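Participant: quick one, structure for this:
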Amino acid sequence: MRRIVVTGMGMVTPLGRDLEATWSALQEGRSGVGAITLFDAETFPTRIAAEATNFALEDYINDAERWQEYCRNTKFAIAAAQMAIDHSGLETVKDLDRSRFGVYLGSGEGQQDFPRFVELVRNATRQGKVDTTVFTSQGLRQLHPIHEAEQEPGTPSGHLASLFGARGPNANCLTACAASSQAIGEATEIIRRGDADVMLSGGTHSMIHPFGVTGFNLLTALSTRNDDPTRASRPFDRDRDGFILGEGAGMLILEELEHAKKRGATIYGEVAGYGSTADAFRITDSHDEGRGAIACMREALAEARLNPEDVDYINAHGTSTSVNDSVETLAIKRTLGEAAYQVPISSTKSMMGHLIAAAGSVEAIVCLLTIRDGILPPTINLDNPGPDCDLDYIPHVARRKLVDVTFSNSFGFGGQNIALILRRFAG
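Facilitator: Here you go, the predicted model:
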């Protein structure tokens, strides 16, 4: 089996504009949650989110003005990908076969032009009904073609391929909150079967807009702790009341081991296991016995040829919703058995919120950083663990520990379940 290693990483999150800034904030237990500023949320049940503040694309690339009309998803993706490429040293490889360099992302839909859409509907309304002829004719004149194209989830992967000359396999998946973890797993499989030597993989997303917040409010999935934003995301806590929307991007360079060694690349870890399952249950709830989560974690362990007691750290999906945190705890216990009570677990969503499609890739990078530095980020706001949340969730304060094997869990609306095992590279 071809071995797949990670040779570059980059991310933009609500906690920092790059890898090290985010990692420093996570170690310190800082929260990136505050009042929504990207639109007027005054009338919404949830008026808080974790925004990637002070982000400017010109800080990452020279021709940022070219991307002025593009959406936040694309800009986050470009910034994180450029950092990952630079981190990997790929751009200095003169004989890189770009026909064997691909892109696989888990990216969400672009932002909707909400104010313009409302204006068009209002102008086309006649006696309480929308005149579609008027709506269409005005839309053709007023809507921006780039803005419309950017609503397609697959556009960021195309942009990145063009920017970096990646002429190999190119794909995007949008399996909700599991998307970018699935992208990493599928990109790994592409290299394993010999269709590429290098893949740029990860995810990008922002749903901090009226449609996004409205949708999750209707599902009663978001916290409404508006008066205490930094304490609103509280995974595994008895008083959790929903998740916090975040935004950003995480990108990794995945590379076939011999290819990486030949060019003298620095190796940050190995993708050792990948599990992918579906609950086949409900759109918005995990199966109450965690069957999909258990199955994907077991698949990942089997592929990595590891035992439960080999796991040193788990970055949990840990959304701060009642159902997810209880079911994930149950799944960990049924997968690892008695070892579940010995392995430290944390949810970094307690600090950066839920990046939806981009969450998994950012959390996979966090796992690699725990391996690099031997520091486990905490779960903040965990004051009183829920009655069915009885594992070691690293409350409040980061912890030092030598880490060789990590789990990164991602479970999405729709019942998608992804588990990645990232481990220290050895020989």
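
Participant: who are the contact partners of Leu301?
Facilitator: Gly273, Gly275, Asn307, Pro308, Thr335, Ile421 (C-beta atoms under 8 Å, 6 or more residues apart in numbering). Any C-beta I mention is one placed from the backbone N, CA and C, and that applies to glycine too.

Participant: please disregard the earlier target; I meant Gly215.
Facilitator: With the criterion set at C-beta under 8 Å, 6+ apart, Gly215 makes contact with Met207.

Participant: how near is it to Val5?
Facilitator: Distance, Gly215 to Val5, using C-beta to C-beta, to the nearest Å: 38 Å.

Participant: likewise Thr224?
Facilitator: For Thr224 relative to Val5 (C-beta to C-beta), the value is 43 Å.

Participant: equivalent analysis for Arg98, please.
Facilitator: 19 Å.

Participant: does the residue lying closest to Arg334 once chain neighbours are set aside count as helix, strand or coil?
Facilitator: Setting aside the residues directly before and after it, Arg334 is nearest to Ile294 in space (C-beta to C-beta, 6 or more residues apart in numbering), at 5.1 Å. Secondary structure assignment for Ile294 (DSSP: H, G, I helix; E, B strand; the rest coil): helix.

Participant: quick check: Ile294 touching Ala331?
Facilitator: Yes - Ile294 lies in contact with Ala331 (C-beta atoms under 8 Å); the separation is 4.8 Å.

Participant: between those two, who's got more neighbours?
Facilitator: More crowded of Ile294 and Ala331, by other C-beta atoms under 10 Å: Ala331, with 29 against 22.

Participant: for that one, list the residues it contacts.
Facilitator: Gly290, Ala293, Ile294, Met297.

Participant: now swap in His205 and tell me
Facilitator: Taking C-beta under 8 Å, 6+ apart as the test, what His205 contacts is Asn73, Phe76, Ser107, Gly108, Ala179, Glu247, Gly248, Ala249, Leu355, Ile356, Ala357, Ala358.

Participant: I'd guessed the fifth one sits against Gly360; true?
Facilitator: Yes - with contacts defined as C-beta under 8 Å, Ala179 counts as touching Gly360 at a distance of 6.8 Å.

Participant: sheet partners, orientation included, of whatever helix or strand Val6 lives in?
Facilitator: Using DSSP states H and E, Val6 maps to strand 4-12. Counting by DSSP bridges, the strands paired with strand 4-12 are strand 247-256 (antiparallel), strand 269-278 (antiparallel).

Participant: centre of the chain to it, how far?
Facilitator: On the basis of C-alpha atoms, centre = their mean, to the nearest Å, strand 4-12 sits 13 Å off its chain's mean C-alpha point.

Participant: can you name the element that comes right after that strand?
Facilitator: helix 19-28.

Participant: still on that earlier bit, next, show the common contact partners of Ala179 and Gly360.
Facilitator: Joint contacts of Ala179 and Gly360 (C-beta under 8 Å, 6+ apart) are Gly106, Gly203.

Participant: among the contacts of Leu301, which one sits closest to Gly386?
Facilitator: Thr335 (19.3 Å; C-beta to C-beta).

Participant: give the contact list for the closest one.
Facilitator: Contacts of Thr335 by C-beta under 8 Å, 6+ apart are Ala293, Ile294, Met297, Arg298, Leu301, Pro308.

Participant: state the distance from it to Leu391.
Facilitator: For Thr335, the distance to Leu391 - C-beta to C-beta - is 12 Å.

Participant: now swap in Met297 and tell me
Facilitator: Met297 is 14 Å from Leu391, by C-beta to C-beta.

Participant: can you list residues touching both of Thr335 and Leu391?
Facilitator: Common neighbours of Thr335 and Leu391 (criterion: C-beta under 8 Å, 6+ apart): none identified.

Participant: buried set for stretch 278-291?
Facilitator: The neighbour-count check on stretch 278-291 (16 or more other C-beta atoms under 10 Å) flags Ala278, Asp279, Ser286, His287, Gly290, Arg291 as buried.

Participant: please disregard the earlier target; I meant stretch 148-155.
Facilitator: Glu150, Pro153, Thr155.

Participant: possible to save these as JSON lines with secondary structure?
Facilitator: Listed next are those as JSON lines, based on three-state DSSP:
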{"residue": "Glu150", "secondary structure": "coil"}
{"residue": "Pro153", "secondary structure": "coil"}
{"residue": "Thr155", "secondary structure": "helix"}
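
Participant: which one among those gets closest to Ala398?
Facilitator: Of the buried residues of stretch 148-155, the one sitting nearest to Ala398 (C-beta to C-beta) turns out to be Pro153, at 34.3 Å.

Participant: list the contacts of the closest one.
Facilitator: Ser107, Gly108, Glu109, Gly110, Asn172, Leu174, Ala357.

Participant: rerun at 6 Å
Facilitator: By C-beta atoms under 6 Å, 6 or more residues apart in numbering, the residues touching Pro153 are Ser107, Gly108, Glu109, Asn172, Leu174.

Participant: is Ser276 in a bridge, and if so with what?
Facilitator: With DSSP bridges applied, Ser276 shows beta-bridge pairing to Ile418.

Participant: give me the neighbour count for it.
Facilitator: Neighbours of Ser276 (other C-beta under 10 Å): 21.

Participant: now Ile4
Facilitator: Quick note: Ile4 (other C-beta under 10 Å) scores 22 neighbours.
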